[in-house]
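J.: this is the structure alone, sequence omitted:
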């Protein structure tokens, strides 16, 4: 009898930061690529664009909370 190894990924609890990152990736049309190939498949330009938009939104949110 052979044991079948579990290949299920453990579900990670998503933080607000993670949800924002996913939302922006969907807006930029990158989400399908990320789902199929993972975050590491993004180009440097795509990562920079995503990070720049995230920074801008986080900065705006901090300003609104003051």
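T.: Looks like it arrived, so ask away. This structure is a prediction, so every number in the text was calculated from the model and none was measured.

J.: next SSE downstream of the helix or strand encompassing residue 25?
T.: Element membership for residue 25 (DSSP states H and E) is helix 16-27. On the C-terminal side of helix 16-27, the closest following helix or strand by DSSP H and E is helix 31-37.

J.: elements contacting that next one?
T.: In this structure, helix 31-37 makes packing contacts with helix 16-27, judged by 3 or more CB pairs under 8 Å, 6 or more residues apart in numbering; DSSP states H and E. For every residue, glycine as well, the C-beta is placed using N, CA and C.

J.: now do the helix it packs on: everything it contacts.
T.: Contacts of helix 16-27 with the rest of the structure, by CB atoms under 8 Å, 6 or more residues apart in numbering, involve 12, 14, 31, 34, 50, 53, 54, 57, 58.

J.: retrieve the pLDDT associated with residue 7.
T.: Listed pLDDT for residue 7 reads 48.

J.: would you mind finding the longest helix in this structure?
T.: Taking DSSP state H as the criterion, the chain has its longest helix at helix 44-65.

J.: tilt between it and helix 16-27?
T.: Here helix 44-65 points in a direction 130 degrees away from that of helix 16-27 (axes from the mean of the first three to the mean of the last three CA atoms, to 10 degrees).
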